[in-house]
Each structure stands twice: as C-alpha cells, then as structure tokens.
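Engineer: can't give you the sequence, but here's the structure:
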C-alpha cells in the first residue's frame, strides 16, 4: 500500500503515481481488444507487459466479468465502468488533438505523459513535434519498451525528463519548444495529483507559454467530503476483495483533495482563454458507454473534460 504524498516524492513506473499510468495503459489495451473498440492503442499491452504484476493484470482478463457476473453484479458494474471511463477519456482527448492538428497546430505538449502513446499511434501531420513531460524513470521505461519492439513515433517526439514541481518550462525550452508558436496542451490524469496552488501555478505557466491560438484540454476533479471519500474507499475495498485483487496502492492517498481547488473552466475563462467543459458522465452517455454504478447520483463523483482556446 502506498504512503501519503510529499512535496519531494518521486517514482518509477511500478510505484506511487507511476503505477497509475500502468492501470490506464491496461484499460486502453482492454478496450483495443474489444470487437468494436472506441479507441485503438496497439502499444498499450506492450507497455503493460513489462511493468510486472499488479492490479492492471485484472483489467486485461477478458473473462473476469463473466466469471463474477453471478457472484457480484455490482463489482462487475464497477469494473466495466472504470474501463469504459478510460476508453471515453482517451477518445475525448484523441479528438482534441485531431481538432488541434486540423487547425494547423504542430506543437504538442503532454503534461505528466506517463505511458501515453499518442506520439506513436495518432495520425500526426508532417512537422508535428510532441513534447512529453514526466519523471525521468517513467519516460525511460516507455522509450525502451517500445524500442524493443521496433516501434517508432509518427510525430517528432521530444522527452522532457523533469518533475512538474520543478522548472519544467526551462527544460521544455531546452528541448526546442517555441513559445511563439501555437501549442496544444494536455493535462490528462494529472490535476488530482497536484495541490490546489500547484494546479493554479501549472495553468499560469501554460498561459505564459501559449501563443494566441493555442489550445488546452484537461481532466478535472472536484472536492469530495471525507464521508464521500470513506464511502468510496469502502466500496473499492469490497470491489477488490470480490474480484480477488491484491491492492498495492491506495488511490486516495495519491490524490490531493483540496477544498479550495479552482474550477478549471472558470479559471481559464478568467485568464485569457475561452473554455468549456463536458461532464465525463455526459460523455459516457453520448458515446454509449454509461454503466449504472453506486455513485451515479453523486454529481461530484465524476470528472469534467475541459477544452479551451487562447484568444
């Protein structure tokens, strides 16, 4: 079980926040294996297979839901919901990048990129540069695993091995980033792992580095009461026990649940961007991936997908 976050913590692909990237990649691999997948990531399974053992192995077990359907239908619904959420989230941000590329943007920055494989799998126009910012060990793992399978990026890929709590703009510029050119930024699976003030600072820096016409998209999370967090932990423990999952991380210990966290859409609209958001529950319904789960009636239980363009 992971320990509480600290201001100077670090991780590789198998520990702390790094292990969440493996879970997300496993969900992409699971979706890719479906007969009619919402997204396709042919490299997700490669990245998961080298990460050792963990909860992500259950995401890749296609027969698990069938085995448990008569034993614990609620656990099956929770598992299906988690996998569907990741597919919908990936689909949403894939579309964000496709629209940015169609608008002529050729400079892409993925903040806390984890095991993101978009530089390798999306149909990037010629001349597109993708900058991936993350912990050095995480970037090193991904590059080595894909190189072992002779997988080459479609875009011009640049690694920026730096913690986002450090001077990442300077590191980004050293890799060739040009702040005078429009940029498409992505903060996917990131903001919940930052304190509220660090989230504000992140978007302040993104704004400073963004030329007119730049775009940004982000996955946001709201504040949850301690009662709500306790209920969620209890529900997940039951889910893990019913599925026979050995929990090696406590997701809530990795996240910052700050009550004064800014609403990202409102913050961007107040700082020179034109922003809008779609609740993830609405996106799941729109893409026919909604599953009724115990927290379905809680409006704070679901994230919002934000998109914005700088004037």
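Structural biologist: Thanks, I have the structure now. Bear in mind the structure is a predicted one, so any value in this text is a computation, not a measurement.
Engineer: okay, CA-based contacts and neighbour counts for the rest of this
Structural biologist: OK.
Engineer: buried ones in the helix or strand harbouring residue 172?
Structural biologist: Assessed by DSSP states H and E, residue 172 sits inside helix 168-174. Buried residues in helix 168-174, counted by 16 or more other CA atoms under 10 Å: 168-169, 171-172.
Engineer: what does it contact?
Structural biologist: Here helix 168-174 makes contact (CA atoms under 8 Å, 6 or more residues apart in numbering) with 131, 133, 160-162, 205, 209.
Engineer: Where do the strands of the stretch 1-150 of the chain begin and end?
Structural biologist: If DSSP state E, counting those that start in this stretch is used as the criterion, the strands of the stretch 1-150 of the chain fall at 107-111, 129-134.
Engineer: Take those and lay them out in TSV including mean pLDDT.
Structural biologist: Formatted as TSV, the strands of the stretch 1-150 of the chain follow (pLDDT from 0 to 100):
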stretch	mean pLDDT
strand 107-111	98
strand 129-134	98
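Engineer: quick one: which of the ones you listed is nearest residue 184?
Structural biologist: Nearest to residue 184, of all these, is strand 107-111, at 4.9 Å by CA to CA.
Engineer: before we move on, back to that, pull out the buried members of the contacts of helix 168-174.
Structural biologist: Here, 16+ other CA under 10 Å leaves 131, 133, 160-162, 209 buried among the contacts of helix 168-174.
Engineer: how about low-confidence regions in the stretch 51-200 of the chain?
Structural biologist: Along the stretch 51-200 of the chain, segments meeting pLDDT under 70 span 51-73.
Engineer: which ones are touching residue 175?
Structural biologist: Residues near residue 175 by CA under 8 Å, 6+ apart: 158-160.
Engineer: any idea how far residue 214 is from it?
Structural biologist: 19 Å (CA to CA, to the nearest Å).
Engineer: cool, residue 203 as well?
Structural biologist: Separation of residue 203 from residue 214 (CA to CA): 13 Å.
Engineer: okay, these two: which has more neighbours?
Structural biologist: Higher neighbour count among residue 203 and residue 214: residue 214, with 24 against 17, using other CA atoms under 10 Å.
Engineer: hang on, isn't residue 221 packed against residue 194?
Structural biologist: No - using CA atoms under 8 Å as the test, residue 221 is too far from residue 194 to be in contact (10.9 Å).
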